[in-house]
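K.L.:
Turn this into a model:
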Amino acid sequence: MTSSGVSIAGFVGAAPVPVKAATFSATLGPMYREPRLVVLDGDAARRTALAARLSALVEGAPVPIEAHASVPDLATLEADDGLLLVVGEELAGEVIGELAASRVADVGVVVVGKDGAEAAKLLEAGALDVWRWPLQELEIPARVRSLLRIAAANATLAEKQKDARSMVELTQTLASSLDISEILYTVTRRIAAAVRVERVSIVLRPSAESSSVGYVVAASDDQGITNLRIDLEKYPELLEVFRTRSPLTIHDPATHPLLEGVRHGVPSGARGTASLFPILWHDEVMGAVFVRSPRGRSDLSERERSFCQIVANATAVALRNARILQTLRDETEQVRDARREAEQRLHGLKRYADLFASSADGLAAFDPRGKLLFANPRAYEIVGATEAEVQQAGLLAFLPSSEHAPLAEAWQRIRSGDFPRELDVRIAGRGGSRERIVCASFSALQESEGAVLVSFRDVTEARQMAGELRRTRDFLEGLIQATVDAIIAADRQGNVLLFNHGAERIYGWKADEVVGKRRVTELYPPGGAQEVMRLLRSEGHGGPGRLEQIRFEAMTRDGVRVPIHLSAAVLTEDGVAIGTVGIFTDIREKLRVEERLAQATEKLAISEKQAIVAELAGTTAHELNQPLTSILGYTELLRRKLVAAAAARGASAEGSAELHGLAVIAREAERMADIVKKIGKITKYETKSYVGGAKILDLDRASGDEAKGGSS
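P.N.:
From the prediction side, this is the model:
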């Protein structure tokens, strides 16, 4: 076979209206690199003329044109370049038959001949057109344009059919598979094949997580990618699609303003066009389809963008259905698990049946939702209801409303693994019976998949007794705190355990400064605590273990010694000493009162003594005045008689012994009268020293005559 190339420059003749080279490529498919024209004609003149005229139709880039006198091996022709065969009628049958046999696609055949009788058969066999030779000057451009329009329409129809087939296949895939990972991977592969790009990926944004987290769930070039976590802050193009709910195309990542802050993280090879399509379900943006075109490839066509968005919408439906299916699966699995769990619980609980039935405590088992599984006879007896009544009304119906909230809180603790112990629960009285109190403890029931065992007993009387004891304790504590005396208790090591208000007043310490923080040795002068313990152990002062009231001293916070009356005792439990208790009475005021009383008593005694002296002095003066008056009278009478007798004898009485004796008597009687007069004037009790250290009444001071001089 021979061939000859004809260039555009070899065309000679009138210039027809040119057809752009790109038009040929567009009509024969978007993947053709450039159109090729091949003329196959045994007629050399016609072959040359056809090649020249076809060359003249192309404007712009040169279009390779080949001319052959015979049919080459068509299977070796590169149809991807956009092949148009212009064939002479002698070779038409052979060319069309060989093309059909070799299944070379996307090759157009135009038959040129002198006889138009065979046109119908040639067109039916697969020829695009039949040209009758010779052609008019403008006929070839017109026929080429017609071919281009037909080819464009056919190409569009073919693409739509191809898209439709892809959508049907994709729909079948989505409907036939329950594996969401497989579905999404299939979607990416279908899109990559349909629009001929290097990579398609699907990014989902979980609504339950942070808006900055996304997952690459499928990629067309790597089936191993299923749930690759990414930081959406590094992909502003995805955030933009999520925000606007609209497709986005980035022609050049190196210059697009949206990638300004993250451009340094874009790989140097990732410079192709990026197209993003939102996956929308109603108003919810579930994710995006990310289409990456290779460098040098033109932008996606309108048809390709529409196809991608349709697939994205179908993916949203598939994801929604997958969610619903997963929910149904989960619910079915939960029901299955619940049934299996119930069977396991029932099997595990059978072994406890005899133990439960004979237990003196109430025993009940509940499932994790709080539903009663079973209870022993004692439980129904404590509740005061039959099994049928409890099963019909529920256990809460037998509890006061005030118990519902505490039980709900206890159940929350149980669900978190914290099982309450010794929880008091009130049970309402029925039929006139009084309200009861039960003490309940909760525990996990082994081998029962979350079941809870509740054991409880009636503690109504115990709680009433505890209440009485508590009230008694409160009364005693109040009594201890209200007493004026200090009451202090300590353990065997001397640590203070009790320090009442009376002790606070005496010592100046607050109870919280002493209890558990100080020892009793700090409450006495040095050695005082040891002395108290010695007295407690001695036989005296009440016997061993007791110390009856003694006078002692306490040491205050400021180091002041305070006189006290102390009573103490050793505290025992089962005959073993466990501590001591002391009662301290502050006697400072008492001592002051006693001192004042002693002073008053002394003054009273002095007053009484003075009164007695005054009365005695008055009585004595009165009684002595009479005999003294008689003595003085008789003395004067005797003196006069002596003087008269001496005169009668003619002698003088002066100088006589008798008259001298009477003068002494009279003088001493006068002296005694003065003393009696002083005694009568005594108003206070005053003494003076006398022989032998004795004390005698000082008449001068007692009568107020000390200024006049005392009596001799």
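K.L.:
the longest helix in this protein is where?
P.N.:
Counting by DSSP state H, the longest helix found in the chain is helix 588-648.
K.L.:
any idea of the mean pLDDT in the helix or strand where residue 344 lies?
P.N.:
Here residue 344, judged by DSSP states H and E, is contained in helix 302-349. Helix 302-349 carries an average pLDDT of 75.
K.L.:
Correct me if wrong: residue 181 contacts residue 224.
P.N.:
No: counting by CB atoms under 8 Å, residue 181 does not reach residue 224; the two are 10.4 Å apart. (Glycine included, C-beta is placed from N, CA and C.)
K.L.:
Give me the domain ranges for the protein.
P.N.:
Here the chain is described, according to automatic domain parsing, as comprising the domains 3-161, 178-326, 359-458, 483-586, 592-708.
K.L.:
picking up where we left off before, looking at residue 181 and residue 224, which is more packed in?
P.N.:
More neighbours surround residue 181 than the other of residue 181 and residue 224, with 15 against 7 (other CB atoms under 10 Å).
K.L.:
show me what contacts the residue nearest to the more buried one when sequence neighbours are not counted?
P.N.:
Nearest residue to residue 181 in three dimensions, chain neighbours excluded: residue 226, at 5.2 Å (CB to CB, 6 or more residues apart in numbering). Each residue near residue 226 by CB atoms under 8 Å, 6 or more residues apart in numbering is listed here: 181, 217, 218.
K.L.:
ok, so of the residues you listed, who is nearest residue 560?
P.N.:
residue 217 (85.1 Å; CB to CB).
K.L.:
helices or strands next to the host helix or strand of the closest one in the packing?
P.N.:
Residue 217 is part of strand 213-219 when elements are defined by DSSP H and E. Judged by 3 or more CB pairs under 8 Å, 6 or more residues apart in numbering; DSSP states H and E, strand 213-219 is in contact with helix 180-195, strand 199-204, strand 228-231.
K.L.:
Deepest in the core, which of the ones you listed is it.
P.N.:
strand 199-204 (a mean of 23; mean count of other CB atoms under 10 Å).
K.L.:
just how off-centre is that one within its chain?
P.N.:
38 Å (CA atoms, centre = their mean, to the nearest Å).
K.L.:
just stretch 194-211 next, same as before
P.N.:
36 Å.
K.L.:
ok, residue 201 to residue 276 distance?
P.N.:
10 Å (CB to CB, to the nearest Å).
K.L.:
and for those two, which residues touch both?
P.N.:
289, 290.
K.L.:
partner strands of the strand of greatest length in the chain, parallel or antiparallel?
P.N.:
Counting by DSSP state E, the longest strand found in the chain is strand 561-573. Sheet pairing for strand 561-573, assigned by DSSP bridges, gives strand 546-555 (antiparallel), strand 576-586 (antiparallel).
K.L.:
buried residues in it?
P.N.:
For strand 561-573, the neighbour count (16 or more other CB atoms under 10 Å) marks 562, 564, 566, 567, 568, 569, 570, 571 as buried.
K.L.:
follow-up on the earlier one: just the contacts of residue 226 now: which is nearest residue 648?
P.N.:
Closest to residue 648, out of all of the contacts of residue 226 and judged by CB to CB, is residue 217, at 177.5 Å.
K.L.:
you'd agree the closest one is up against residue 187?
P.N.:
No: under the criterion of CB under 8 Å, residue 217 is not in contact with residue 187, lying 10.1 Å apart.
K.L.:
what's the overlap in contacts for the two?
P.N.:
residue 202.
K.L.:
circling back: just the angle for the helix holding residue 344 relative to strand 213-219, thanks.
P.N.:
In terms of direction (axes from the mean of the first three to the mean of the last three CA atoms, to 10 degrees), helix 302-349 departs from strand 213-219 by 110 degrees.
K.L.:
in what helix or strand does residue 502 lie?
P.N.:
Judged by DSSP H and E, residue 502 forms part of helix 501-507.
K.L.:
Skip ahead from that helix and say which helix or strand is next.
P.N.:
By DSSP H and E, the next helix or strand past helix 501-507 is helix 511-514.
K.L.:
Using CSV, list the CA coordinates for that next one.
P.N.:
This file holds the C-alpha atoms of helix 511-514, laid out as CSV (Å, rounded to 0.1, in the frame of the first residue of the first chain):
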residue,chain,number,x,y,z
ALA,A,511,-14.4,23.6,121.1
ASP,A,512,-13.1,23.2,117.5
GLU,A,513,-9.7,24.4,118.7
VAL,A,514,-9.5,21.7,121.4
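K.L.:
Please name every helix or strand in contact with it.
P.N.:
Going by 3+ CB pairs under 8 Å, 6+ apart, helix 511-514 lies up against strand 496-499, helix 501-507.
K.L.:
can you rerun that using 6 Å?
P.N.:
Judged by 3 or more CB pairs under 6 Å, 6 or more residues apart in numbering; DSSP states H and E, the packing partners of helix 511-514 are strand 496-499.
K.L.:
okay if I get the domains of the chain as TSV plus distance to residue 472?
P.N.:
Output for the domains of the chain, formatted as TSV (distance: least, CB to CB, whole Å):
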stretch	distance to residue 472
domain 3-161	98
domain 178-326	59
domain 359-458	19
domain 483-586	16
domain 592-708	36
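K.L.:
for the stretch 351-500 of the chain, what spans make up the helices?
P.N.:
With helices called from DSSP state H, counting those that start in this stretch, the stretch 351-500 of the chain shows them at 353-358, 377-383, 387-393, 404-415, 460-482.
K.L.:
wait, which of these is closest to residue 531?
P.N.:
Of the helices of the stretch 351-500 of the chain, nearest to residue 531 by CB to CB is helix 460-482, at 24.9 Å.
K.L.:
Next, name the residue at the spatial heart of the chain.
P.N.:
residue 416 (13.8 Å; CA atoms, centre = their mean).
K.L.:
Please report how far that residue lies from residue 135.
P.N.:
Following CB to CB, the distance that separates residue 416 from residue 135 is 93 Å.
K.L.:
CA-only coordinates of the helix holding residue 502 in CSV, if you can.
P.N.:
The C-alpha atoms that make up helix 501-507 are tabulated as CSV, following Å, rounded to 0.1, in the frame of the first residue of the first chain:
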residue,chain,number,x,y,z
HIS,A,501,-19.6,25.6,126.3
GLY,A,502,-18.8,25.7,130.1
ALA,A,503,-15.3,24.6,129.3
GLU,A,504,-15.0,27.3,126.7
ARG,A,505,-16.0,29.9,129.3
ILE,A,506,-13.4,28.7,131.8
TYR,A,507,-10.5,28.1,129.5
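K.L.:
what comes up buried for stretch 481-499?
P.N.:
485-491, 494-499.
K.L.:
swap that for stretch 319-338, sorry
P.N.:
Quick answer for stretch 319-338 (16+ other CB under 10 Å): 319, 322.
K.L.:
what separates it from the chain centre, distance-wise?
P.N.:
On CA atoms, centre = their mean, the centre of stretch 319-338 falls 31 Å from the chain's centre.
K.L.:
circling back: quick one: the longest helix of the chain to strand 561-573, angle?
P.N.:
Using the same axes, to 10 degrees: helix 588-648 against strand 561-573 is 130 degrees.
K.L.:
tell me the pLDDT at residue 286?
P.N.:
So residue 286 comes in at 86 (pLDDT).
K.L.:
Apologies, that question was intended for residue 169.
P.N.:
Predicted confidence (pLDDT) for residue 169: 67.
K.L.:
again, but for residue 246
P.N.:
90.
K.L.:
To what extent is it buried, counted in neighbours?
P.N.:
Neighbours around residue 246, by other CB under 10 Å: 12.
K.L.:
Please apply the same query to residue 402.
P.N.:
9.
K.L.:
how near is it to residue 40?
P.N.:
On the measure of CB to CB, residue 402 and residue 40 end up 104 Å apart.
K.L.:
swap in residue 468?
P.N.:
122 Å.
K.L.:
These two: which is more packed in?
P.N.:
residue 40 (27 against 10).
K.L.:
Look up the closest residue to the more buried one, ignoring the ones flanking it.
P.N.:
Nearest non-adjacent residue to residue 40 (CB to CB, 6+ apart): residue 87, at 4.6 Å.
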